[in-house]
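[1] Below are the sequence and a predicted model; questions follow.
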Amino acid sequence: MSEGRVFAECRALLFTIAYEILGSAADAEDVVQDSYIRWHAVSREHVEHPRAYLVRTVTRQALNHLRAVRRRREDYVGPWLPEPVRTGPDVSEDAVLAESVSMAMLLVLETLSPDERAVFVLREVFGYSHREIADLVGKTETAVRQIAHRAREHVRSRRRRFHHDPRAAQEVVGQFLEAAGTGDVTALMSLMAPGVVHISDGGGRVTAARRPVRGRENVARFIAGVARTSGPGAWFEFTSYNALPAVLFREGNRLDSVLIFEIADTLIHGMYAVRNPDKLGAAIAPRPLARRKDETWRP
């Protein structure tokens, strides 16, 4: 099999690993491209298991990149949200993958150290053994077991689980848009859970709330106020981002924002509005995601 075909068959898996470690589609794509250059340059006689080699390369490159960008995220203007990825129905059919790329989970992963994040993702999402992960991240198996336990407990104490019916969720989003368009605060409140939270990411580039908005009434009034400022050329599109129901908002031909919903029991529990233009440049094209791993692993 040619080197290009081998890489192409692994690409969705490699991108998914990099994205879950980094929380940025652009950075994940850079890591995948850099890994391809390394793959193209390596002598094939030194690579017994191509997929294992590529996963190791992407994992270590993603870890190095995450360590480099952590400080930039700490200095970010306003709330930082992961870069949204447009997903297809196949992602929602895989419950583990769908939860792992949800906004809620990616934000929990942001609270882990780089090593904890990589180990958690590789173990809990992709199902690699502690021995395999030790090879991937360059640590001992004992250290990996300790990191995995610490990360799992951390995530377990902070994760929120949301299971939604796609058809019912789209109906709720439709009612939300209708109520927002008319400025009906009472109708908006009826669609939201009491502890609903709305997070906006403008990155200091565009107008966005500098702090999360919490509570039904506060969020409803905030949404109604935002809707009043929409221009006459605004239009929207139902879609799915990060395996969750979402809406694309456009002003003419310009993509204005992606609004992602967390819905459970027909109530909105969370909304994530990504408005930073730097995070919307490649947000239109669907991203194939995968979590398949090697049948055999021999580092």
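    That came in fine, so what should we check first?
[2] Between the two ends of stretch 195-215, what distance do you get?
    Stretch 195-215 has an end-to-end distance of 5 Å (CA to CA, to the nearest Å).
[3] if we look at that stretch, which residues are touching it?
    Under the criterion CB atoms under 8 Å, 6 or more residues apart in numbering, residues 76-81, 194, 216, 219, 222-223, 267-279 lie in contact with stretch 195-215. For glycine as for every other residue, the C-beta is placed from the backbone atoms N, C-alpha and C.
[4] Please tell me how far the longest helix along the chain is from the chain's geometric centre.
    Across the chain, the longest stretch assigned as helix under DSSP state H is helix 50-74. Computed by CA atoms, centre = their mean, to the nearest Å, the separation of helix 50-74 from the middle of its chain amounts to 16 Å.
[5] Buried residues of the helix or strand that that helix is followed by, list them for me.
    Counting by DSSP states H and E, the next helix or strand C-terminal to helix 50-74 is helix 89-92. Neighbour counts using 16 or more other CB atoms under 10 Å place Val91, Ser92 of helix 89-92 among the buried residues.
[6] Over to stretch 94-106?
    Leu97, Ala98, Glu99, Ser100, Val101, Ser102, Met103, Ala104, Met105, Leu106.
[7] where does the closest residue to the first one other than its chain neighbours land in three-state SS?
    Read that as Leu97. Closest residue in space to Leu97, ignoring its immediate chain neighbours: Arg291 at 5.2 Å, by CB to CB, 6 or more residues apart in numbering. Three-state call for Arg291 (DSSP: H, G, I helix; E, B strand; the rest coil): coil.
[8] Can you list the buried residues in the strand or helix carrying Phe15?
    Under DSSP H and E, the secondary-structure element containing Phe15 is helix 3-22. Within helix 3-22, the residues scored as buried using 16+ other CB under 10 Å are 6-7, 10-22.
[9] Out of those, which one has the weakest pLDDT?
    Within the buried residues of helix 3-22, Val6 has the lowest pLDDT, namely 82.
[10] distance of the closest residue to Asp30 other than its chain neighbours from Asp27?
    Nearest residue to Asp30 in three dimensions, chain neighbours excluded: His65, at 7.5 Å (CB to CB, 6+ apart). In this view, His65 and Asp27 are 6 Å apart by CB to CB, to the nearest Å.
[11] So which residues of the stretch 151-299 of the chain form helices?
    If you assign secondary structure with DSSP state H, counting those that start in this stretch, the helices in the stretch 151-299 of the chain sit at 166-182, 185-190, 216-228.
[12] Could you dump these into TSV with mean neighbour count, distance to Lys139 and mean pLDDT added?
    Shown next, in TSV, are the helices of the stretch 151-299 of the chain (neighbours: other CB atoms under 10 Å; distance: least, CB to CB, whole Å; pLDDT from 0 to 100):
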stretch	mean neighbour count	distance to Lys139	mean pLDDT
helix 166-182	16	40	91
helix 185-190	17	49	97
helix 216-228	18	43	94
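[13] Could you export these as CSV, including distance to Tyr128?
    Listed next are these as CSV, based on distance: least, CB to CB, whole Å:
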stretch, distance to Tyr128
helix 166-182, 30
helix 185-190, 44
helix 216-228, 39
